[in-house]
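Trainee: sequence and predicted structure are below.
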Amino acid sequence: MLPKRKTKFKKIWYLINLLLALTALILLGGLFASKNSLTSPIGRQESRIEILKNELKKNNIEFQDIALNSDNSYKVTLKNGGLVNISNRKDLALQARSLQLMLARLTIDGKSFKAIDLRFDSPVVIFK
């Protein structure tokens, strides 16, 4: 009867050790994964600029340059020479669509502008 008890004890002992080892691996994997998920704020800004470029292209807005302002907004220089300030805190796709509608309306009305500022609740347009 003693050998059955020893084999049963060994099986339980191995099972407990296996569970502890798996738990340790999961915890260590979680620690390493969290270290790799850190990103640089500079890289994030660059990717947001790429998103903005894609949204402008998607809305057929021709631009020359996009620069990051000191207040973390974007300054877009359009091909027609106009300047557009776009907020980093708002949805870039929504701002690009709004800009496209504004540019279409200004073109229909025959008005030329110097700058458009989309950083506020209501857009600000400065005419030439």
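Mentor: Done, it's in.

Trainee: for the residue nearest to Lys75 when sequence neighbours are not counted, phi and psi?
Mentor: What sits nearest to Lys75 in space, not counting adjacent residues and going by C-beta to C-beta, 6 or more residues apart in numbering, is Ala67, at 4.8 Å. From N, CA and C alone the C-beta is placed, and that goes for glycine too. In terms of degrees, to the nearest 10, the main-chain angles of Ala67 are phi -130, psi 150.

Trainee: which pLDDT value goes with Ala67?
Mentor: You'll see Ala67 listed with a pLDDT of 93.

Trainee: distance of it relative to Ile49?
Mentor: According to C-beta to C-beta, to the nearest Å, Ala67 and Ile49 sit 9 Å apart.

Trainee: mutual contacts of these two, please.
Mentor: Overlap between the contact sets of Ala67 and Ile49, as judged by C-beta atoms under 8 Å, 6 or more residues apart in numbering, is given by Tyr74.

Trainee: the more surrounded of the two?
Mentor: Ile49 (16 against 10; other C-beta atoms under 10 Å).

Trainee: quick check: the gap between the more buried one and Ile66.
Mentor: Applying C-beta to C-beta, the value for Ile49 to Ile66 is 6 Å.

Trainee: outline the domain layout of this structure.
Mentor: The chain resolves into domains spanning 1-38, 41-127 when parsed by automatic domain parsing.

Trainee: need the winner for burial among those.
Mentor: domain 41-127 (a mean of 14; mean count of other C-beta atoms under 10 Å).

Trainee: distance from the chain centre to that one, please.
Mentor: In terms of C-alpha atoms, centre = their mean, to the nearest Å, the centre of domain 41-127 is found 17 Å from the chain centre.

Trainee: sorry, back to before: anything in contact with each of Ile49 and Ile66?
Mentor: Joint contacts of Ile49 and Ile66 (C-beta under 8 Å, 6+ apart) are Tyr74.
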